[in-house]
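[1] turn this into a model:
(chains A and B)
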Amino acid sequence: MDLRFTAEELAFRDEVRAFFRSALPVSIRDKMVANKGLAKDDIVTWQRILNTKGWAVANWPVEWGGTGWTPVQQYMFQEELQLTPAPQPLGFGVTMVGPVMIAFGSEEQKKRFLPRIANLDDWWCQGFSEPGAGSDLASLRTSAKRDGDHYVVNGQKTWTTLAQHADWIFCLVRTDPQARKQEGISFLLIDMKTPGITVRPIVTIDGGREVNEVFLDEVRVPAENLVGEENKGWDYAKYLLGRERTGIARVGFSKERIRRIKELAATERAGDQPLIEDERFREKLAAVEVELKALEMTQLRVVAAERNRADNKPDPASSILKIKGSEIQQATTELLLEIVGPYAMPYQPEHDEDERWNEPPVGPEWAGPIAPTYFNTRKVSIYGGTNEIQKNIIAKAILGL
Amino acid sequence: MDFDLTEEQRLLKESLDRLIGDRYAFEQRKTYGQAAEGWSRELWAQYAELGLLGLPFAERYGGSAGGPVETMIAMEAFGHALALEPFFATVVLGGAFLRHGGSTEQSAALVPRIIDGSLTLAFAQTERYSRYDLADISTTAMRDGAGWVLSGEKGVVLHGDTADKLIVTARVDGGRRDPGGVGVFIVDGNAAGVSRRGYPTQDGLRAAEIALAGVRVGPEGVLGEPGAALPLVERVVDEAIAALCAEAVGAMAAMHELTVDYLKTRRQFGREIGSFQILQHRAVDMLIALEQARSMAMFGTMMAGEEDAVERHNAVSAAKVQIGRSGRLIGQQAVQLHGGIGMTMEYKVGHYFKRATMIDTMFGDGDHHLRELARRGRSQETR
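    Numbers count the residues shown, from 1 in each chain, chains lettered A, B, ... in the order given. As a prediction, this is how the structure comes out:
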C-alpha cells in the first residue's frame, strides 16, 4: 500500500497541468471559476484545442484516436481538467455515444461519426428520458416503426441537455411494443435537422436554459442509423450508463470549489472578522473537506482496482462515487450560498447566454451566479440515475439484496 | 499509488483471519472475558508465537520490522473479532513510545519481553479534566537526584489494571495546559506509591483509575526528553489513532456483514425484510459509510509515518472524524435493522456497536478532531 505516484506518473501530471494552464483561454477559465454559463463556442474551442493535442477522446481505444493511457493517467487527466478548471470534452459524444459506437456500432458508423465527435464537428445530445419515463427509463414510449429502409419515429424526449446546440441526438426508441419492456428497445442515431423534430426549452429553477423537450413527429431515420441490433438498445444503454468510472465523483471539481470558497470567505465578514475565521463556518468547511478526502481515497481505490480488472464491466462501486460526489458538490454550493449572504438575493441573469444583462453587477461582482449555482446543482443527485436509483443498484449488485 | 498488500502482508492477514476464525467465536470471547484479567493469557502466548507481538519492532530486537500497514492489518482483524487482549495498549501504544522515544538500552531491555509475551504495557495519559488535550497534564514529575518523583492521578487507562509497566505523562515544568514542560516516564505497575482501581469498560475491555503518590522513577525510566516530550506523545498518538481507525473498520465491516445477512434471512409480512427498499437503502448508506471509513483508515495508515507533524496530524484527524461519523451511523443502523435482537447482550451486533462507540471517545471524538482541523487550517493559512 502506497499513496505515492511513480516519477513517470508525476511527470505526466505536470505535463497535463502545464498544458491546461497554458492552452485554456483565460476567458473560459474565468467563466469556469465564477460558475458562469459557457457559450457553445467556448466548449467547441476548448475541445478542438484538446483534439489538436490528441487528448479530446483520451478514454477511447488508440485506433479511434484514444491515448492508451493507464487508469492512473486517465484519472490524472480528469483530475487536472477539473482542478484547472477547464470544461470537460462534451460528454454526450466523448463518454456516451462514442464508446457505444466503438463497442456496438458498424464500421461505417465509426468512420463517419467518431472523428467528428472528437473534433466536436457534430454536437450530440442524449435522447433517453421521456415525460413518463424518468427513473423507470425502460418504460419509454417513443416508437420507431420500420418503413422500408427507414424507421419512422414518433414521441417525445425530455431533459435533453443542450439540445439547442445539437446536430445529432442518440435515442432509445421502442421498436417492439409486444416485447417485455427492456427487450423491445433500440438505439437510434437521429440527425436533428430531420423534418419533424422540434426543440423547446425548459427553463430550470436557476433561470438557465440547459435542458429541453424534443418532439419527434413522423421523423424518418435511415435504417443504417441503427446501432448494433434491433431490440438490443437496453443493453447498450446500460453499457453507456455504467461506463464512466473515474471523473464521475468530480473530486477535482470540488477541490477547486473549496479553493474558491476559502478565497471568497476571506473577503466577506462575519461580525468583526472575516467569515473564514468564523468557527462554525470553519467546522462546516472542514467537514466537507474530510468527506472530500475520503471520496478521493475511495476513487483512488476504484482506479487502482481497475488496473486489476480483466473484464470491461462497470464497477458497481462507481455508484458510491456518484452518490458521495453529488452530495459533496451540493454541500459546496451551500457554503457558497452562505458566503454571499444577503447578496444572494438579486437576480442577475448573466447565467443565461441568450439574455445577457448589460448592467453593472449588484453587490459583489462574483455574487450573481452563486444562488443559481446552488439551485442548479440540485440536479446532480437526480441526473444520470438518481441517488436513490444508485442505491437500488448497490443493494442489488454489491449487497445481493 | 496502490492499495494492494504485499505477499507477506497477505500471509499475515490470512494467518490472522485463520486464528480469529478458530479462536474467536462469540462464545469463546465470552469465556476469555470472564478471566480475572479480562483477556486470554493463552491467546496472548499464541500471538507471541505467531510473531504478532513483534510486528512493528526492529529485527535487532527480534521484531519483524513491520510498518503502519502491518499494524492496520492486525488491528482490523482484532476489530472484526472484538479481541480483548491488550495488543493496542502494549504493542501499538507502548511499542510506539519505545520505538520513537526509547534509548537503545530501554529497547533492548523491554522490547524482547513484549515480543515474547512476558511484558504488557498501558498508556496513562487521561486525567479527570483533560478530555482530549494531550498537553493538559496536572500530574507532576519532580527531579530527585538522577531520577524523578511522580504524583497525580490518571484515568481510563486502557488495560492499566493488569499492565506490567505504565507509560505515564507528567508535567516537569510549566502550567497545566502548557505544551512545554511535558515528560514521559515508564513506571512499574507495582511500584511503591502506585494504586490501581480496575474496572470493566462498556465494550468488554478493562481499564483503571491510577493514583501516583510520590512514585520514584530511575533514569532508566525516562522516555524522550523531560520537558520537551509532547511531540513524542503526539507522534505516538497519531500512530495509535490510525491503528484505532483500522480496528473500527474491522468492527464496522462485521456489523455491516451481520446486518446484510440478517436482512436476507429474517422474514416478516411473508417475505425477507431485505426486499423492502427502505431497508435496502439503509444497508447501502451503511456500506457507503463503511467504504468512506475504510478509505480514511487507509489514508491515516499511509500518513502515520509522515515526518511533517502538521500533515500527519491533519491526516489522522480527518481519518478520526470519518471513523466517528461512520461508526455512529453503522452502529446505530446495525442495531435498528436487527430490531429487538440487536438490543440484547446475547447477540454480537450490540457488542460491536458498543466498541465502535467507545473508539470514538478514544484520543478525540469526531467533533474534537473536526475542531482541530478547523483550528490548524487557520494557523496554516496565516502562516
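
[2] packing partners for the helix or strand hosting B:Met298?
    Using DSSP states H and E, B:Met298 sits within helix B:277-303. Judged by 3 or more C-beta pairs under 8 Å, 6 or more residues apart in numbering or on different chains; DSSP states H and E, helix B:277-303 is in contact with helix A:279-307, helix A:317-340, helix A:387-397, helix B:68-81, helix B:230-265, helix B:309-338. Yep, even glycine has a C-beta here, placed from its N, CA and C like the rest.

[3] quick one: average pLDDT of it?
    Averaging pLDDT along helix B:277-303 gives 97.

[4] same check on stretch A:119-129?
    Here the average pLDDT along stretch A:119-129 is 97.

[5] who touches it?
    Residues from elsewhere that reach stretch A:119-129 (C-beta atoms under 8 Å, 6 or more residues apart in numbering or on different chains): A:40, A:43-44, A:47-48, A:51, A:56, A:89-90, A:92-93, A:96-97, A:113, A:115-117, A:137, A:140, A:142, A:157-163, A:165-172, A:190, A:192, A:214, A:237.

[6] one more pass at 7 Å, please.
    Here stretch A:119-129 makes contact (C-beta atoms under 7 Å, 6 or more residues apart in numbering or on different chains) with A:44, A:47-48, A:51, A:90, A:92-93, A:96-97, A:113, A:116-117, A:137, A:157-163, A:165-172, A:214, A:237.

[7] which ones among those residues lie within helices?
    A:Val44, A:Gln47, A:Arg48, A:Asn51, A:Phe113, A:Arg116, A:Ile117, A:Ala237 (DSSP state H).

[8] re earlier: which one of the helices and strands packed on helix B:277-303 lies closest to A:Lys181?
    helix A:387-397 (16.1 Å; C-beta to C-beta).

[9] B:Ile186 bridge partners, please.
    Beta-bridge pairing of B:Ile186 under DSSP bridges involves B:Ile167.

[10] so which of the helices and strands packed on helix B:277-303 is nearest A:Gln182?
    That would be helix A:387-397 among the helices and strands packed on helix B:277-303, by C-beta to C-beta, at 14.8 Å.

[11] in the stretch 301-401 of chain A, where is pLDDT below threshold?
    Applying pLDDT under 70 to the stretch 301-401 of chain A flags residues A:310-314, A:350-358.

[12] near chain B, which residues of it are found?
    Residues of the stretch 301-401 of chain A lying close to chain B (C-beta under 7 Å from any C-beta of the partner chain) are A:Arg301, A:Ala304, A:Ile320, A:Ile323, A:Lys324, A:Lys391, A:Ile394, A:Ala395, A:Ile398, A:Leu399, A:Leu401.

[13] if I pick the fourth one, what's in contact with it?
    Read it as A:Ile323. A:Asn387, A:Gln390, B:Ile288 are the contacts of A:Ile323 under C-beta under 7 Å, 6+ apart.

[14] for those, which one is nearest B:Arg131?
    B:Ile288 (30.4 Å).

[15] just give the nearest non-adjacent residue to the closest one, would you?
    A:Ile320 (5.4 Å; C-beta to C-beta, 6 or more residues apart in numbering or on different chains).

[16] report how many residues lie close to the closest residue to chain B within the stretch 1-150 of chain A.
    Residue of the stretch 1-150 of chain A nearest chain B, by C-beta to the nearest C-beta: A:Leu3 (4.6 Å). Residues lying near A:Leu3 (other C-beta atoms under 10 Å in any protein chain shown) number 16.

[17] tell me how many other residues crowd A:Pro195.
    8.

[18] separation between it and A:Arg174?
    Remark: distance between A:Pro195 and A:Arg174 (C-beta to C-beta, to the nearest Å) = 21 Å.

[19] returning to what we had before: and the residue nearest to B:Ile288, how close does it get to A:Gln390?
    8 Å.

[20] list the contacts of the residue in the stretch 51-200 of chain B positioned nearest to chain A.
    Among all residues of the stretch 51-200 of chain B, B:Val69 sits closest to chain A, at 5.1 Å; criterion: C-beta to the nearest C-beta. With contact taken as C-beta under 7 Å, 6+ apart, B:Val69 is in contact with A:Met1, B:Gln9, B:Thr301.

[21] need those residues in JSON lines with neighbour count and distance to B:Arg271, can you?
    As requested, the contacts of B:Val69 are exported to JSON lines (neighbours: other C-beta atoms under 10 Å in any protein chain shown; distance: C-beta to C-beta, whole Å):
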{"residue": "A:Met1", "neighbour count": "18", "distance to B:Arg271": "42"}
{"residue": "B:Gln9", "neighbour count": "17", "distance to B:Arg271": "42"}
{"residue": "B:Thr301", "neighbour count": "28", "distance to B:Arg271": "41"}
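
[22] closest one of these to A:Ala223?
    Nearest member of the contacts of B:Val69 to A:Ala223, counting by C-beta to C-beta, is A:Met1, at 53.4 Å.

[23] isn't that closest one right up against B:Met302?
    Yes - counting by C-beta atoms under 7 Å, A:Met1 does reach B:Met302; the two are 6.1 Å apart.

[24] who touches the residue nearest to B:Ile288 in this structure?
    A:Thr298, A:Ile394, B:Ile288, B:Glu291.

[25] same check on B:Arg267?
    So B:Arg267 contacts nothing (C-beta under 7 Å, 6+ apart).

[26] give me the distance between it and B:His100.
    54 Å.

[27] show me the domain layout of the chain.
    Using chain A here. A:7-89, A:124-231, A:245-397 (automatic domain parsing).

[28] right idea, wrong chain: chain B
    B:7-119, B:122-227, B:231-381.

[29] out of those, which gets nearest to A:Thr332?
    Using C-beta to C-beta, those put domain B:231-381 closest to A:Thr332, at 15.9 Å.

[30] how distant is that closest one from the center of its chain?
    14 Å (C-alpha atoms, centre = their mean, to the nearest Å).

[31] same check, this time on stretch A:190-210
    The answer for stretch A:190-210 is 17 Å, by C-alpha atoms, centre = their mean.

[32] buried stuff in it?
    Buried residues in stretch A:190-210, counted by 16 or more other C-beta atoms under 10 Å in any protein chain shown: A:Ile190, A:Met192, A:Thr194, A:Ile197, A:Val199, A:Thr204, A:Asp206, A:Gly207, A:Gly208, A:Arg209, A:Glu210.

[33] list the contacts of the residue of the stretch 1-150 of chain A closest to chain B.
    Neighbours of A:Leu3 in contact, by C-beta under 7 Å, 6+ apart: B:Met1, B:Met302.
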